[in-house]
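Q: Need a 3D model of the sequence below.
(chains A and B)
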Amino acid sequence: SAVISQKPSRDICQRGTSLTIQCQVDSQVTMMFWYRQQPGQSLTLIATANQGSEATYESGFVIDKFPISRPNLTFSTLTVSNMSPEDSSIYLCSVRQVDSYEQYFGPGTRLTVT
Amino acid sequence: AQKVTQAQTEISVVEKEDVTLDCVYETRDTTYYLFWYKQPPSGELVFLIRRNSFDEQNEISGRYSWNFQKSTSSFNFTITASQVVDSAVYFCALRPHTDKLIFGTGTRLQVFP
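A: Have a look, this model is predicted:
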């Protein structure tokens, strides 16, 4: 399985600011995803991070609010912009290996917006 | 519609009891994949198992077993002789051909000593 790391692991941010979350994988992967898990809830897909092109966003998520970069096959960033308390969640990076059907998740970033 | 239903919101058992977590899915795809993940209190999501739609064999891994039945669109997860370390939220997920994982709402399992 892929080893996925995320930075930061947690943060407390003020309303109106932005936070960039990094996801690093120890091997090349075909697909990278960003999920959000609001307190006590299930996981919701924000977007698929595409290498070298714009991310593909799910309904209800927009690029202005959640800009995503993926410069190569092992790294991606998610920015949560102009934060409000409703953005307080765990944000998880997820990857799928080139030759596998399994999908793995990073340790998550716990974001609290005050 | 693609959907995963985990009707059990929370289950509490005493150590050494067996417990079954239910998962019912909906999809029109003929090829799809089913997953179970464990989320302990630390928050990370731990992959437990993947099952292909064309493989209905049940699987056992130590104290864990999975029962996949296409006829009832169910993919249930049983923990035998539960332990306190099994306490976590367990998510069932479906991946149809679109490559997007669709999660159920999760079942919180509490195992008391």
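Q: In chain B, what residue comes closest to chain A?
A: For chain B, the residue closest to chain A is B:Leu45, as judged by CB to the nearest CB, at 3.8 Å. Glycine gets a C-beta too; all of them are placed from N, C-alpha and C.
Q: Do you know the pLDDT at that residue?
A: For B:Leu45, the pLDDT comes out at 92.
Q: where does it sit relative to B:Gln39, distance-wise?
A: B:Leu45 is 5 Å from B:Gln39, where distance means CB to CB, to the nearest Å.
Q: Touching both of those two, which residues are there?
A: By the contact definition CB atoms under 8 Å, 6 or more residues apart in numbering or on different chains, B:Leu45 and B:Gln39 are jointly contacted by B:Phe91.
Q: which one of these two has more residues nearby?
A: Ranked by neighbour count (other CB atoms under 10 Å in any protein chain shown), B:Leu45 and B:Gln39 place B:Leu45 first, with 25 against 21.
Q: list the contacts for that one?
A: A:43, A:92, A:105, A:108, B:37-39, B:91.
Q: Skipping its backbone neighbours, what lies nearest it in space?
A: A:Phe105 (3.8 Å; CB to CB, 6 or more residues apart in numbering or on different chains).
Q: The one you found reaches A:Gln6, doesn't it?
A: No. Here A:Phe105 does not reach A:Gln6: they are 9.5 Å apart, not a contact under CB atoms under 8 Å.
Q: In terms of neighbours, single out the busier of the two.
A: Using other CB under 10 Å as the criterion, A:Phe105 and A:Gln6 rank with A:Phe105 on top: 22 against 19.
Q: before we move on, could you check phi and psi at the more buried one?
A: Main-chain dihedrals, A:Phe105, degrees, to the nearest 10: phi -120, psi 150.
Q: can you give me the strands for chain A?
A: A:4-7, A:10-13, A:19-25, A:29-37, A:43-49, A:56-57, A:68-72, A:75-80, A:89-97, A:103-105, A:109-113 (DSSP state E).
Q: closest to B:Asp22 out of the ones you listed?
A: Each of these has some distance to B:Asp22 by CB to CB; the shortest is strand A:43-49, at 18.7 Å.
Q: Sheet partners, orientation included, of the closest one?
A: strand A:29-37 (antiparallel), strand A:56-57 (antiparallel) (DSSP bridges).
Q: what mean pLDDT would you report for it?
A: For strand A:43-49, mean pLDDT is 95.
Q: what's in contact with that strand?
A: Strand A:43-49 is touched from outside by A:31-38, A:55-58, A:61, A:66, A:68-70, A:76, A:78, A:91-92, B:45, B:91, B:99-101, B:103, with contacts defined as CB under 8 Å, 6+ apart.
Q: Return the set of buried residues in that strand.
A: Across strand A:43-49, burial judged by 16 or more other CB atoms under 10 Å in any protein chain shown covers A:43-49.
Q: Stretch B:57-68 too?
A: Buried, per 16+ other CB under 10 Å, within stretch B:57-68: B:64-68.
Q: Which ones among those map onto strands?
A: Filtering the buried residues of stretch B:57-68 for strands - DSSP E - leaves B:64-68.
Q: which bits of chain B sit near chain A?
A: Taking CB under 8 Å from any CB of the partner chain as the criterion, the neighbours of chain A within chain B are B:33, B:35, B:37, B:42-45, B:47, B:50, B:52, B:91, B:95, B:99-101, B:103-106.
Q: and residue 110, bridged to which residues?
A: You didn't pick a chain, so chain A it is. A:Arg10, A:Ile90.
Q: could you do chain B instead?
A: B:Ser12.
Q: Of the buried residues of strand A:43-49, which is the nearest to chain B?
A: So of the buried residues of strand A:43-49, ranked by how close each gets to chain B (CB to the nearest CB), first place is A:Leu43, at 4.7 Å.
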